[in-house]
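J.: structure for the following, please:
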Amino acid sequence: MKAPYRFWIAVFWVVGICLLAGGIYGFCSLADAADDYLSTTGVVDKVHFERSYKHRKIRTSCDVDVCYETTLYGKMHVTLDFYVPFLLEEGDSVDILYNPRLPRHVRFPGWESLLYGILLTFGALLVAVGWRMAQVQHQKTLNAKYD
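T.: Residues are numbered from 1 along each chain as shown. Here you go, the predicted structure:
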């Protein structure tokens, strides 16, 4: 097996395993939060787009204000910096997990599950590609050895 192939196989495996670990950690963290936090449904109050000029490029940021009801503190608001602005509109409902002692500490299980699922998918894909590259190179090495 040539050295460049070993390098790329190692890169695919290391990056894939890191992505898998991040996805697993995220899902475990979300499961712990689901046990400790209270669940409620929030409503998107306002979606605010702002265009700014930074580093010679025009950037668009999207802030989403979400209103949710707590048992002890009543109506609360949280602002979410959102990077996919076309998915949420005013009046949409969003699932929220909030800490009963610190109600401004919120988690969005739907969006976080999507993120961690993407991490797991790409991690598994990279590990599989690295595994397949190792099999192909091993087979080439065996064929060259016996020819």
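
J.: wait, residue 120 sits on residue 19?
T.: Yes - Residue 120 lies in contact with residue 19 (CB atoms under 8 Å); the separation is 7.4 Å. C-beta coordinates here come from the backbone N, C-alpha and C atoms, glycine included.

J.: next, count neighbours for the closest residue to residue 38 other than its chain neighbours.
T.: Leaving aside its sequence neighbours, residue 38 sits nearest to residue 100 (CB to CB, 6 or more residues apart in numbering; 5.3 Å). By the measure other CB atoms under 10 Å, the count of residues near residue 100 is 13.

J.: which elements pack onto the longest helix seen in the chain?
T.: If you go by DSSP state H, the chain has its longest helix at helix 109-146. Using 3 or more CB pairs under 8 Å, 6 or more residues apart in numbering; DSSP states H and E, the elements in contact with helix 109-146 are helix 3-36, strand 93-98.

J.: which of those is buried the deepest?
T.: Of all the helices and strands packed on helix 109-146, strand 93-98 has the most neighbours on average by mean count of other CB atoms under 10 Å, namely a mean of 19.

J.: now do it against helix 109-146, angle only.
T.: 90 degrees (axes from the mean of the first three to the mean of the last three CA atoms, to 10 degrees).

J.: any low-confidence regions in the protein?
T.: For the chain, applying pLDDT under 70 flags the ranges 1-3, 83-86, 147.

J.: which residue is nearest the middle of it?
T.: Residue closest to the mean C-alpha point of the chain, counted by CA atoms, centre = their mean, is residue 115 at 2.3 Å.

J.: that one reaches residue 26, doesn't it?
T.: Yes - the criterion here is CB under 8 Å, and residue 115 meets it with residue 26 at 6.9 Å.

J.: on that earlier part again, now the phi/psi pair for the residue nearest to residue 38, please.
T.: phi -70, psi -30 (degrees, to the nearest 10).

J.: for residue 43, same thing?
T.: The phi/psi pair for residue 43 (degrees, to the nearest 10) reads phi -120, psi 130.

J.: beta partners for it?
T.: residue 67, residue 93 (DSSP bridges).

J.: ok, now which ones touch it?
T.: Residue 43 makes contacts with 66-68, 91-94, as judged by CB atoms under 8 Å, 6 or more residues apart in numbering.
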